[in-house]
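# Based on what follows, work out the 3D shape:
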Amino acid sequence: MKVTKEMNDNILKVRLVGRLDTNTAPALDNDLKDDLEIAERLELDLRDLDYISSAGLRTILVFHKKMNAKKGSLVVLHPKDEVMEVFDMTGFSSFLKIED
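A predicted model of the protein is given here:
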């Protein structure tokens, strides 16, 4: 998976390309750990994310909880239909803020 991140005015914009799964989720969590301490808003751009596994869902859930704990926000942007299906089936779409 390829990760591109940019921080502007305490808004962390992260674009994910490829697969968020058991192999890539721990690296993403580690890569964003310090940035999440500073960010007030996390924007996950998933337009190029082809697949998300339960490990990827768990990572997004952890990000969501971290942002909520500090009164910040997490926004999921442009998920592909396949990823949106997973969010719908698992109930993630009921609590995540998702923008197309």
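# Settle this for me: residue 17 is touching residue 1, isn't it.
Yes: with contacts counted by CB atoms under 8 Å, residue 17 reaches residue 1, the gap being 6.5 Å. (C-beta placed from N, C-alpha, C; glycine too.)
# Settle it for me: which of these two has more neighbours?
Legend: neighbour count by other CB atoms under 10 Å for residue 17 and residue 1, higher for residue 1 (18 against 15).
# in what helix or strand does residue 31 lie?
Using DSSP states H and E, residue 31 sits in helix 25-38.
# Going by residue numbers, what spans are strands in the protein?
Assigned by DSSP state E, the strands in the chain fall at 2-8, 11-20, 41-52, 73-77, 97-99.
# what angle sits between the fourth one and strand 41-52?
I take that to be strand 73-77. Orientation of strand 73-77 against strand 41-52 (axes from the mean of the first three to the mean of the last three CA atoms, to 10 degrees) gives an angle of 40 degrees.
# what's the helix holding residue 31 packed up against?
Taking 3 or more CB pairs under 8 Å, 6 or more residues apart in numbering; DSSP states H and E as contact, the helices and strands that helix 25-38 lies on are strand 2-8, strand 11-20, helix 54-69.
# Kind regards, and thank you for your time.
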